[in-house]
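*Asks:* coords please:
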Amino acid sequence: MNTKQSTIGSEVSVKGVGLHSGEMVTLTICPAGINEGIVFQRIDIENSPKVPALVEYVVDTARGTVLEKNGAKVQTTEHILAAIGGLQVDNVLIKLDGPEIPILDGSAMPFVELLERAGLVEQNALRNYFTITEAVQLNDPDNSVELSALPLNDYKLTVMVDYNSKALPSQHALLHEIGNFKEHIASCRTFVFVHELEALYNAGLIKGGDINNAILIAEDEVSEDRVAELAKMLGKNKLTIGESGIVNDEPLKFKNEPARHKLLDLIGDLVLIGRPLKAHILAARPGHASNVALAKKITKVIADAAKAPPTFDVDAEPVFDITGIAKLLPHRYPFQLVDKIMSLNGSTVVGVKNITMNEPQFMGHFPENPVMPGVLQVEAIAQTGGVLVLTSTGEPEAYWPYLVGIDKCRFFRNVLPGDALVIRCSLLMPIRMGVAKMHGEAWVGSNLVCSVDMTARLVKKKND
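*Replies:* Numbering: from 1, shown residues only. The predicted structure is shown next:
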């Protein structure tokens, strides 16, 4: 799994028809900056509104995953998101001049090839992984659907499908290395049963449907008249259904191509969490509705974790020890106020400051009642945030970090000698023009002792 964020090297475009809308759409994928994430943009609508690829904007999952924000809708997002997730791309802007992502061949492979043609570019920021530490489960007994996200220091997916069909027996698909996505999953096409076609057609959907962009499966014997009706629906002169049960005996890419496509959809829908995962995803009979429901559950776990005391493995090696911090920050005794950095990713850092009675401030604050001054708590938080901001530049030695703004600062309890401050700082938005806005918190055990919003500015050092 990649450790650094990535984008693409240049703009690339593709033109195709939308599966359900039938509209011809030109889609352009553009590079994006660190921590900007995946964003769709409807350039055919006034003011070119943007729709972030986040689960909170999902409005429909009936026959694909549909996003909408402020009246701008993007349909059938799952295949392009699967390509982005499968290639571990973090930051792109996707422009389109219509309501739906082109279906192309019904798989993620055309989007994989498009991204690779643009060139994948590593960025100077760590990927903001969320590690599942306790099982997150979704059960829908009415539809025999079960999904789970289990703890794992990696990203693996296991999918089972079972449609109680002679034409499509129970199948399993596995992806135990995300680097194998292109080879084993990306080319697998969407599929639909013959008995579903008429309902979809009458509902005004599948206007762009074709046997070239989907596997069409007949579960039972189909009369010649019915086959003729299907051909008319799909705009074909003639169709056949052979012994395989697949229209025109279209050869499968893999024996379990339908199960692999469901795994593809799952990867795409989970991209909507907004952060790459470290987890083992198990899914029995998944669909877009259940995928999105699991994504929402995981998003809530992430939100709850952001409000909880920061945790780390006390036996783990720090990302930066005191010597490493001294190479990043200009502060020295008695003003170096962070002892180690325990975790660091593209948007969040966790550091530790151990308070001892030997520190000089306690000589006067206060001799008979030693209390760590609030201003030094804020400084410790700011220095921890400074590590996050400096490391995001890729050349931390070239900048001076300055704290230029403090807002919403609150203190909740005294900090005393013997306490260990565990500090977490998170970016409130991507760093722009050398300006970083952060929220910082300091905790002693399970008690929040200080919180503050800060603005920092990076200033280029002058050459001698």
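*Asks:* mind showing which ranges of the stretch 101-250 of the chain have poor pLDDT?
*Replies:* Residues of the stretch 101-250 of the chain meeting the criterion pLDDT under 70: 167, 198, 201-212, 219-223, 240, 242-245, 247-249.
*Asks:* ok, which stretches of it are strands?
*Replies:* Using DSSP state E, counting those that start in this stretch, the strands of the stretch 101-250 of the chain run over residues 120-126, 130-131, 136-140, 145-151, 155-161, 171-175, 191-193, 215-217.
*Asks:* Of those, which is nearest Leu337?
*Replies:* Closest approach to Leu337 among the strands of the stretch 101-250 of the chain is made by strand 120-126 (23.1 Å; CB to CB). Using the backbone N, CA and C atoms, a C-beta is placed for each residue, glycine as well.
*Asks:* contact partners of the closest one?
*Replies:* Under the criterion CB atoms under 8 Å, 6 or more residues apart in numbering, residues 2-9, 31, 33-35, 87, 89-91, 344-346, 391-395 lie in contact with strand 120-126.
*Asks:* I'd like to know which of those residues are part of helices.
*Replies:* Among those, the residues falling in helices (DSSP state H) are Thr391.
*Asks:* Narrow the contacts of strand 120-126 to those in strands?
*Replies:* Per DSSP state E, strands hold the following members of the contacts of strand 120-126: Lys4, Gln5, Ser6, Thr7, Ile8, Pro31, Leu344.
*Asks:* Considering those, which possesses the most neighbours?
*Replies:* Highest neighbour count within those: Gln5, with 28 neighbours (other CB atoms under 10 Å).
*Asks:* which residues of the stretch 201-350 of the chain fall in helices?
*Replies:* 224-233, 257-270, 288-307, 322-328 (DSSP state H, counting those that start in this stretch).
*Asks:* helices or strands next to the third one in the packing?
*Replies:* Going back to what we said before, that points to helix 288-307. If contacts are counted by 3 or more CB pairs under 8 Å, 6 or more residues apart in numbering; DSSP states H and E, helix 288-307 sits against strand 130-131, strand 136-140, strand 145-151, helix 257-270, strand 277-284.
*Asks:* just so I know, which of these lies nearest Tyr57?
*Replies:* Counting by CB to CB, Tyr57 lies closest to helix 257-270 out of these; the figure is 12.7 Å.
*Asks:* tell me the mean pLDDT over the closest one?
*Replies:* Helix 257-270 shows an average pLDDT of 97 in the prediction.
*Asks:* Just the CA trace of it, in PDB.
*Replies:* What follows is helix 257-270, C-alpha atoms only, in PDB (Å, rounded to 0.1, in the frame of the first residue of the first chain):
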ATOM      1  CA  GLU A 257     -16.500 -12.200 -13.200                       C
ATOM      2  CA  PRO A 258     -19.900 -11.200 -11.600                       C
ATOM      3  CA  ALA A 259     -18.500 -11.600  -8.100                       C
ATOM      4  CA  ARG A 260     -15.300  -9.700  -9.100                       C
ATOM      5  CA  HIS A 261     -17.500  -6.900 -10.400                       C
ATOM      6  CA  LYS A 262     -19.300  -6.700  -7.100                       C
ATOM      7  CA  LEU A 263     -15.900  -6.400  -5.400                       C
ATOM      8  CA  LEU A 264     -15.100  -3.600  -7.900                       C
ATOM      9  CA  ASP A 265     -18.300  -1.800  -6.900                       C
ATOM     10  CA  LEU A 266     -17.500  -2.200  -3.300                       C
ATOM     11  CA  ILE A 267     -14.100  -0.600  -3.700                       C
ATOM     12  CA  GLY A 268     -15.600   2.300  -5.500                       C
ATOM     13  CA  ASP A 269     -18.400   2.900  -3.000                       C
ATOM     14  CA  LEU A 270     -15.900   2.700  -0.100                       C
END
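*Asks:* Where does the record place the domain boundaries for this protein?
*Replies:* Following automatic domain parsing, one gets these domains for the chain: 4-188+256-307, 322-460.
*Asks:* Distance to Glu224 added to those domains, as CSV?
*Replies:* Conversion of these to CSV gives the following (distance: least, CB to CB, whole Å):
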stretch, distance to Glu224
domain 4-188+256-307, 18
domain 322-460, 59
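*Asks:* most tightly surrounded among these?
*Replies:* Stretch with highest mean neighbour count among the domains of the chain: domain 4-188+256-307 (a mean of 19; mean count of other CB atoms under 10 Å).
*Asks:* How far does that domain stretch from one end to the other?
*Replies:* For domain 4-188+256-307, the first-to-last residue distance is 25 Å (CA to CA, to the nearest Å).
*Asks:* Can you give the distance of that domain from its chain's centre?
*Replies:* 8 Å (CA atoms, centre = their mean, to the nearest Å).
*Asks:* Tell me where the model's unsure across the stretch 301-450 of the chain.
*Replies:* For the stretch 301-450 of the chain, no stretch has pLDDT under 70.
*Asks:* where along it do the strands fall?
*Replies:* Remark: strands assigned in the stretch 301-450 of the chain by DSSP E, counting those that start in this stretch are 340-344, 348-354, 399-411, 420-427, 435-444, 447-460.
*Asks:* Against Val352, how distant is the residue lying closest to Arg410 once chain neighbours are set aside?
*Replies:* Using CB to CB, 6 or more residues apart in numbering and skipping the chain neighbours, the partner closest in space to Arg410 is Ser451 (5.5 Å). According to CB to CB, to the nearest Å, Ser451 stands 17 Å off from Val352.
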